[in-house]
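Engineer: Here is my input; please provide its structure:
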Amino acid sequence: MAGKKILFDSPSADPALEFKHIAEGFKDIILDSRPNFAIGIFGGWGSGKTTLMNGIMTQLRPHADVIIVDFNAWRFEREPQLLIPLLDTIRLAILAHAEPDASAGSDKALRWQDAAGRIGRIVRALATGLSGSVGIPGAVTINYAAGPAINALRELSEDGAAPRPESLYVAAFIELQAACKELMDNGVGRIVVFVDDLDRCLPDGALAVLESMKLFFDLPGFIFVVGLDEKVIHLAVRSKFAPAGTGHARADGESANPAPVMHEEIGQDYAKKIFQVPYTLPVILPRQLDELLESMYKQAELECGQRDDIQDKVRPYLRLITGNERINPREVKRFINAYTLQTIVRLGLHPPVVLALQTIGFRRDWQDAYDAISADPDQFMSDLHRYREGDQDAFQGSLPGLEHLPVGLSDYLASELAAPLADAGSLVRYLSSLRSARGVDPGFSDALGALGRFERALNAAVGAPGDPKPADAVAKLWDELLGTTNNGAVSRNESLQGRLASISALLGTYLSDPTDGFPQLQQAQAETRGLQEALKLARDSAWDARTR
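Structural biologist: Below you'll find the model as predicted:
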């Protein structure tokens with residue numbers, strides 16, 4: 001086979017799944033409606049928001065009276081005033097739109113450039129209010145002084161008799177009105193601002209972008225098209241308005257201690273006020289998998305050999321990786337890329353085993369089972385053989401996390417797709433390979449594996465009060481667990497380190513006297529369950545943060 005290619009996580013230039021027809025519909029809405037509204041394109045991670053937005057842009061480009069602005073919110077998230085990069089991006093888009101006609105001496109294009117220049121002066125005036133002061137080493141604190149910015153905006157006014165604005169945003173709005181009027185009076189019908197990657201922003205940054213958009217809602221000609229997960233709005237509003245002590249946000253969009261329901265309602269009301277045209281991307285169904293794959297093959301320009309390999313070997317597993325009878329395009333690409341990477345860099349691995357194990361590792365609802373396999377792959381192999389031979393209780397009382405098989409996993413382990421696992425001999429190399437290919441800090445997987453082995457030793461010790469032999473196993477596996485948490489993300493997590501210290505103190509009492517210290521052993525067992533849940537949450541949050 002010729003060299004293999006990776007499927008890049010970039011929007012398709014020729015999207016499948018009826019996205020082209022959807023984009024055409026939005027193009028008609030944008031062109032035929034009064035230009036003063038916002039469209040919200042809602043969808044989860046990897047659902048195709050960017051692809052659809054690029055499709056709408058493609059449909060609009062032939063229209064000479066439409067200026068397209070492409071604003072990536074995440075790129076400017078750390079700017080102290082997001083209105084400034086938003087305005088500057090609009091300015092640059094106007095200049096780019098005007099440049100071909102301006103070069104030919106077009107009067108209206110020159111007027112467009114004048115309007116862009118006016119917006120540029122607004123940006124510079126707003127920037128005069130920024131000041132930086134250095135705080136602790138390596139950290140910069142940004143302050144904003146509205147007074148200098150207002151004075152600079154006043155100086156732009158062409159009418160000295162006009163009332164002098166005292167509000168920063170009123171002053172900016174007055175100047176923007178003049179710039180927009182100049183554009184509209186010279187042939188510009190619409191300025192369509194596409195805002196992407198809000199999902200990647202922290203809640204405060206996402207809310208700042210949405211708040212900045214409000215300034216444009218009363219300006220002639222502006223239409224916003226925003227792609228985001230609706231949970232981002234709810235999380236941002238909750239983060240800003242929830243009373244102290246009602247909970248803190250997690251990276252997966254949930255809360256460890258959820259805020260009252262009324263804050264969810266506030267988030268929903270906020271979205272309704274911002275977006276007059278909300279649209280939720282349709283779910284991609286399993287029957288559309290082949291169409292999606294063909295689109296991916298075409299975009300990546302895969303050669304026949306790699307296409308055939310994916311079709312013959314990978315495709316049978318793809319419907320299993322997302323669950324819930326829906327397909328996530330980005331997750332499909334990640335699965336294919338993980339397989340491709342492993343078969344390139346680990347030539348000794350058997351591809352069917354790679355795929356069979358990778359399927360379990362990619363299913364979020366099968367993670368407990370995957371952690372159990374990582375903790376003791378040899379025990380899993382022994383149990384799997386008995387299970388496939390008809391022993392339905394093969395996993396009972398064996399590995400924590402496999403006592404109750406998740407929905408679908410029991411059928412999968414008994415199926416032909418999982419047969420390569422039973423024939424693998426040893427899974428150690430495959431587990432190591434998959435840890436590297438998934439892109440998550442391997443410290444989490446190593447720690448969870450060691451924690452699973454330690455938990456089994458604890459359970460055995462609790463079942464044999466006062467017996468020194470289980471105590472020796474507990475001490476040995478505790479040292480192994482500590483060794484896996486001394487570097488990487490786990491070592492930098494204060495909450496996890498605090499839990500480890502608490503368990504260590506309990507074990508110290510138990511190991512000094514296994515009989516008198518038995519109550520501390522039981523407490524350590526309960527604390528270990530809490531540590532396991534906290535470690536899984538930290539791993540999932542780290543993964544969510546990487547993929548937002």
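Engineer: what about D88, which helix or strand?
Structural biologist: With elements taken from DSSP states H and E, the one containing D88 is helix 83-103.
Engineer: who's in contact with stretch 326-337?
Structural biologist: For stretch 326-337, the surrounding residues in contact (Cβ atoms under 8 Å, 6 or more residues apart in numbering) are 6-9, 44-48, 283-286, 288-289, 292-293, 296, 310, 314, 317-319, 321-322, 358, 362, 437, 547. No exception for glycine: its C-beta is placed from N, CA and C like everyone else's.
Engineer: Can I get the buried part of these as one ChimeraX selection?
Structural biologist: The buried residues among the contacts of stretch 326-337 can be selected in ChimeraX (16 or more other Cβ atoms under 10 Å) with this line:
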select :7,44,45,46,47,48,284,288,292,293,296,310,314,317,318,321,322,358,362,437,547
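Engineer: Give me the mean pLDDT for the helix holding D88.
Structural biologist: For helix 83-103, mean pLDDT is 90.
Engineer: Quick one: residues contacting L413.
Structural biologist: The contact partners of L413, taken as Cβ under 8 Å, 6+ apart, are 384, 387-388, 405, 421.
Engineer: Can you pick out the ones from the contacts of stretch 326-337 that are in helices?
Structural biologist: Among the contacts of stretch 326-337, DSSP state H puts 289, 292-293, 296, 317-318, 358, 362, 437, 547 in helices.
Engineer: pLDDT weak spots in the stretch 51-200 of the chain?
Structural biologist: Filtered on pLDDT under 70, the stretch 51-200 of the chain yields the residue ranges 129-169.
Engineer: What ranges does it have for its strands?
Structural biologist: 66-72, 130-134, 140-144, 190-196 (DSSP state E, counting those that start in this stretch).
Engineer: So which bits of the first one are buried?
Structural biologist: It stands for strand 66-72. For strand 66-72, the neighbour count (16+ other Cβ under 10 Å) marks 66-69, 71-72 as buried.
Engineer: Export the residues you listed to a markdown table and append columns for distance to L500.
Structural biologist: As requested, the buried residues of strand 66-72 are exported to a markdown table (distance: Cβ to Cβ, whole Å):
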| residue | distance to L500 |
| --- | --- |
| V66 | 58 |
| I67 | 56 |
| I68 | 53 |
| V69 | 50 |
| F71 | 44 |
| N72 | 40 |
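Engineer: can I see the domain layout of this structure?
Structural biologist: Following automatic domain parsing, one finds the domains of the chain at 19-121+170-280, 287-440, 444-547.
Engineer: Go through those and name the closest to T128.
Structural biologist: Among the domains of the chain, domain 19-121+170-280 comes nearest to T128, with 10.8 Å by Cβ to Cβ.
Engineer: From the opening residue of that closest one to its closing one, how far?
Structural biologist: Chord length of domain 19-121+170-280, first to last residue, is 13 Å (Cα to Cα, to the nearest Å).
Engineer: cool, and stretch 391-410?
Structural biologist: Criterion Cα to Cα; first-to-last residue distance in stretch 391-410 is 12 Å.
Engineer: Please state the offset of that stretch from the chain centre?
Structural biologist: Taking Cα atoms, centre = their mean, to the nearest Å, one finds stretch 391-410 lying 31 Å from the centre of the chain it belongs to.
Engineer: Phi, psi for V226 please.
Structural biologist: Dihedral pair for V226: phi -120, psi 130, per degrees, to the nearest 10.
Engineer: I'd assumed A38 was in contact with it.
Structural biologist: Yes. The criterion here is Cβ atoms under 8 Å, and V226 meets it with A38 at 6.5 Å.
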